[in-house]
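1. could you work out the structure for the sequence below:
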Amino acid sequence: METEFDVTITPGDLYDYMMRHTYSGLAGIMGTMVGVLMLVLFASNRQPVCLIIGLVILAYLPWTLFIKSRQQMLANPAFKKPLHYRLSEEGIEVSQDGVTERMGWDGMVKAVSTMHSIVVYTTATNACIFPKRDLGDAKYKAIEIISTHMPPNKVKIRG
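-> Below is the predicted model:
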């Protein structure tokens, strides 16, 4: 069982990935909690400083991730051209400009989905991003292959 597809990563895809990655971690959760707490304090005591701090905390991370996704897109030449992926029994193969890299399923950290992409983490911070718009008919086959070759506790993909 295998499937192949080409993906073109956009700044929006990177932003979607970075938001999911950040807000599923401790720093993103804690930052959101502190920001919301400051807004609750403002609602109860009407101190403008609480409102300002809450809004800054809640807006800072998404804004910096937005800027970072744009910068990363410009800085990384691999994002300027389509990437060809092949998912098979052995793992994930990615190729571009005649260079091919293979990663076995046993080395994959986890697989998740966002509203716009399926993301397979190859390390704790690096991942293969498969935008759903590029997967087309291969989307369900890719999900099936990932789910078959990774332990269930490492796969959190919603179609």
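2. for residue 17, list the residues it contacts.
-> For residue 17, the contacting residues are 114, 117, 119, 127, 129, by Cβ atoms under 8 Å, 6 or more residues apart in numbering. Glycine gets a C-beta too; all of them are placed from N, C-alpha and C.
3. and those as JSON lines, adding pLDDT, neighbour count and distance to residue 47?
-> Listed next are the contacts of residue 17 as JSON lines, based on pLDDT from 0 to 100; neighbours: other Cβ atoms under 10 Å; distance: Cβ to Cβ, whole Å:
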{"residue": "114", "pLDDT": "92", "neighbour count": "19", "distance to residue 47": "36"}
{"residue": "117", "pLDDT": "95", "neighbour count": "25", "distance to residue 47": "40"}
{"residue": "119", "pLDDT": "96", "neighbour count": "22", "distance to residue 47": "40"}
{"residue": "127", "pLDDT": "93", "neighbour count": "21", "distance to residue 47": "41"}
{"residue": "129", "pLDDT": "96", "neighbour count": "20", "distance to residue 47": "42"}
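4. can you tell me which of those residues is nearest residue 78?
-> Each of the contacts of residue 17 was checked against residue 78 using Cβ to Cβ; the closest is residue 129, at 11.3 Å.
5. not including adjacent chain positions, what is the nearest residue to residue 115?
-> For residue 115, the nearest residue in space outside its immediate sequence neighbours is residue 16; the separation is 7.0 Å by Cβ to Cβ, 6 or more residues apart in numbering.
6. now name the helix or strand holding the one you found.
-> Take DSSP states H and E as the rule and residue 16 turns out to sit in helix 11-23.
7. repeat for residue 147
-> With DSSP H and E as the test, residue 147 turns up in helix 138-149.
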